[in-house]
Every structure is written in C-alpha cells, then in structure tokens.
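A.B. asks: Give me the fold of what follows.
(one chain, ligands or ions: 2)
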Amino acid sequence: MTESPPSTEDWAATARTLSQALPLFRRYAGATVVIKLGGHAMGSAGAMASFARDIVLMSHVGINPVIVHGGGPMINEVLKAQGVVSEFINGKRVTDEATIGVVEMVLSGLVGKRIVQAINAEGGRAIGISGKDAQLMVCEQTDPSLGFVGTPVECDPTFLHHLKDSKTIPVIAPIGTGRNGETFNVNGDTAAGAIAASLNADRLLLLTDVAGVKDATGEVISEITPDAIRDLTADGTISGGMIPKTETALAAIEGGVRAVVILDGRAPHACLLELYTTQGAGTLIRTAR
Ligand SMILES: Nc1ncnc2c1ncn2[C@@H]1O[C@H](COP(=O)(O)OP(=O)(O)O)[C@@H](O)[C@H]1O
Ligand SMILES: CC(=O)N[C@@H](CCC(=O)OP(=O)(O)O)C(=O)O
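C.D. replies: Ligands and ions are numbered 1, 2, ... in the order given. So this is what the prediction gives:
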C-alpha cells in the first residue's frame with residue numbers, strides 16, 4: 001500500500017518549525033555538545049540510524065558533537081553467556097580482571113563500532129576511540145571494593161581538538177587507563193562528564209531510557225537544583241543507574257559545563273528536540289544564575 005503524501009498543512013508546519021529554529025541554529029553554531037548514549041537508550045537499527053542522522057545534521061549546522069557511549073546491557077549479555085552475573089554498587093559494575101576484558105571488548109569492539117558505522121552510513125565521518133587513546137582519560141581506582149573501576153583524574157582533550165579541526169566525530173568508549181598501565185572500567189556517565197568538563201562543553205546530554213529525573217510521585221522534574229539532587233538521593237528517590245547521572249551532572253557543572261540535560265534517548269529525535277525547539281525535554285541542571 002502506498003502512503004498518502006503529506007498535506008500542504010503538514011509541509012507548512014514543518015517549514016515553520018525549521019524557520020523558528022533559526023535563532024537556535026545560531027545559538028549553537030560552534031558549540032561543543034557532548035552526548036552520552038546509554039546502553040538502554042540504544043534501540044533498533046532504525047533508531048540507531050535516526051540518532052546517527054541527527055548527529056550528522058548537528059555537525060552540518062556547526063555543532064561540534066562528541067559522543068560518549070555506554071553499553072551496560074550488551075556487557076551483561078556477553079557475561080551471561082559465560083555464566084557470570086555482575087553485581088552493581090550505586091550504579092557501578094563490580095569489575096574483576098576477567099570482567100574488564102569483556103567490558104573493553106564489548107564497548108570498544110562492538111558497541112562503539114556500531115555507532116561509528118551508523119554515523120558514517122548517514123554521511124558523517126566518525127572515529128571510535130576509548131579513554132585509553134592519546135591520554136584522553138587517565139584514571140585512579142574508584143574504590144577497592146569495585147575492582148577495576150576507575151575515576152577519571154586527568155583528561156587531555158588535545159586529540160579531540162584535532163578531530164574537531166578535521167570535522168571528525170569522536171565516538172568514545174568509557175575505558176580509562178591507569179598510571180601503572182591498568183585498564184579501568186568507567187561508568188559511561190562519569191566518563192561523559194569528565195570529557196565534557198575538559199572541553200568546557202556548552203551542553204552535556206545524557207540519553208537514557210526514562211523521560212528525566214523523577215520525583216517521589218513519579219513526575220519528571222523539568223529543572224532540578226543541586227540541593228534537590230542531594231535531597232532526593234539521600235531519601236532514595238534517586239537510585240541505581242540514576243545516581244551516576246546526577247553525580248555527573250553536578251560534577252560537570254562544577255567543572256565548567258554550562259548545562260546538563262538528562263532525557264529519554266528512545267524518543268525519536270531527542271537531541272534535535274532538545275537543542276532546536278523551545279520546548280526542551282527531560283531534566284535540566286545548570287549553573288545558578
Ligand atoms: N529518580 C529517578 N528518576 C528516573 N529514573 C530513576 C530514578 N531513580 C532510579 N532511576 C533508574 O535509573 C535508570 C537509568 O539508569 P541506567 O539504567 O543506568 O541507564 P543507562 O543505561 O541509560 O545509563 C532508569 O531506568 C530508572 O530505573
Ligand atoms: C563502572 C561501570 O559500571 N561501567 C559500565 C560501563 C558501561 C555503561 O556505563 O553503560 P550504560 O551507560 O549503558 O549503563 C558497565 O560496566 O556497565
């Protein structure tokens with residue numbers, strides 16, 4: 001069955017939306033936007049292609065997009081096939097020596113390359129790297145009880161500047177290097193925050209599988225203050241995988257990122273809606289004005 005063509009009204013509405021986006025295109029021209037694509041936000045091949053297309057569009061209209069990805073569910077699958085079930089403490093995977101090998105293989109080898117290929121297929125030029133490359137993310141052990149989990153202590157963004165100059169989109173796996181040559185598993189949100197701070201990014205978008213940070217009644221909070229984050233974490237309303245996201249948002253703001261948005265990456269065109277419409281989406285965290 002053939003689809004009926006869009007009506008004149010539909011075309012007019014589309015044209016109006018594009019026209020209204022002009023001030024926002026201008027606002028973000030030259031801006032660095034770090035986008036963290038969580039494993040739960042990565043959908044079907046079609047959704048990945050749509051995400052990739054939006055990234056290519058952003059780069060064509062002058063944004064410098066930097067992708068940091070997760071892949072927790074994909075790591076779980078491979079571990080499960082080996083009979084291993086991970087324990088998570090406050091949203092971070094307890095990572096022993098055997099697990100770190102799987103984490104690196106899945107993130108750098110499978111998930112990262114899938115995103116790279118999707119962006120390249122849409123006409124962009126993406127390259128897959130990890131925090132190990134070019135001293136991008138040097139880590140210290142977060143806590144001995146978590147094993148090979150690292151906290152970024154030094155980020156050198158020099159190589160990312162070279163990629164920007166050559167119009168190449170970095171797709172970064174959250175694997176860090178230790179000062180003694182160790183490999184560290186870094187939570188994807190934590191990695192994205194550290195990289196965004198090192199770049200003094202204009203925006204950090206944390207794409208996940210919920211509409212934003214929810215309050216105790218389940219309502220999405222459209223803008224949340226650092227004090228409210230601390231209160232909701234203390235009373236358990238913010239828990240599990242949301243903890244590294246809100247912790248990251250606070251650290252990124254402290255580190256010089258202008259604003260952080262936690263939003264539903266499964267929603268079609270989530271990044272475009274956030275940047276190029278006045279509606280916004282998800283939960284905004286920004287510096288006090
Ligand atoms: N207050 C909260 N608001 C929204 N989500 C929350 C909250 N507290 C815990 N969560 C959980 O955090 C999850 C997102 O974290 P995570 O599963 O690690 O996502 P990702 O793979 O995208 O990084 C949500 O699916 C939800 O179950
Ligand atoms: C230390 C730690 O927990 N690392 C994460 C890295 C991947 C990740 O962050 O993936 P999501 O964004 O999909 O959750 C992990 O091993 O699952």
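A.B. asks: could you pull out the helices for the stretch 1-150 of the chain?
C.D. replies: Using DSSP state H, counting those that start in this stretch, the helices of the stretch 1-150 of the chain run over 8-20, 22-28, 45-60, 72-81, 97-104, 112-121.
A.B. asks: what about the shortest one, distance to the chain center?
C.D. replies: I take that to be helix 22-28. Distance, stretch centre to chain centre, for helix 22-28: 22 Å (C-alpha atoms, centre = their mean, to the nearest Å).
A.B. asks: Can you give me the buried ones in it?
C.D. replies: residue 28 (16 or more other C-beta atoms under 10 Å). (Each C-beta comes from the backbone N, C-alpha and C, glycine too.)
A.B. asks: how about the residues of the stretch 151-289 of the chain near ligand 2?
C.D. replies: 174, 185, 187-188, 241 (C-beta under 6 Å from any ligand atom).
A.B. asks: And the residue nearest the centre of this structure?
C.D. replies: The chain has residue 36 as the residue nearest its centroid, 0.4 Å off, counting by C-alpha atoms, centre = their mean.
A.B. asks: what's the nearest residue to that residue if we skip its chain neighbours?
C.D. replies: residue 192 (3.7 Å; C-beta to C-beta, 6 or more residues apart in numbering).
A.B. asks: helix or strand for that neighbour, which one?
C.D. replies: Using DSSP states H and E, residue 192 maps to helix 188-198.
A.B. asks: Pull the residues that contact that helix.
C.D. replies: 34-36, 38-39, 66, 68-72, 131, 136-137, 151-152, 155-157, 160, 172, 174, 176, 204, 206, 244-245, 247-249, 251-252, 254-257, 260 (C-beta atoms under 8 Å, 6 or more residues apart in numbering).
A.B. asks: what's the angle from it to helix 72-81?
C.D. replies: 140 degrees (axes from the mean of the first three to the mean of the last three C-alpha atoms, to 10 degrees).
A.B. asks: what does the average pLDDT come to for helix 188-198?
C.D. replies: Per-residue pLDDT values over helix 188-198 give a mean of 97.
A.B. asks: how far is it from where the chain is centred?
C.D. replies: 9 Å.
A.B. asks: Can you dump the C-alpha atoms of that helix in PDB for me?
C.D. replies: Output of helix 188-198 as PDB, limited to C-alpha atoms (Å, rounded to 0.1, in the frame of the first residue of the first chain):
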ATOM      1  CA  GLY A 188      29.600   6.000  30.900                       C
ATOM      2  CA  ASP A 189      28.000   8.900  32.500                       C
ATOM      3  CA  THR A 190      31.100   9.600  34.600                       C
ATOM      4  CA  ALA A 191      33.300   9.500  31.500                       C
ATOM      5  CA  ALA A 192      31.000  11.800  29.600                       C
ATOM      6  CA  GLY A 193      31.000  14.300  32.400                       C
ATOM      7  CA  ALA A 194      34.800  14.300  32.700                       C
ATOM      8  CA  ILE A 195      35.300  14.700  29.000                       C
ATOM      9  CA  ALA A 196      32.600  17.400  28.800                       C
ATOM     10  CA  ALA A 197      34.300  19.400  31.600                       C
ATOM     11  CA  SER A 198      37.800  19.000  29.900                       C
END
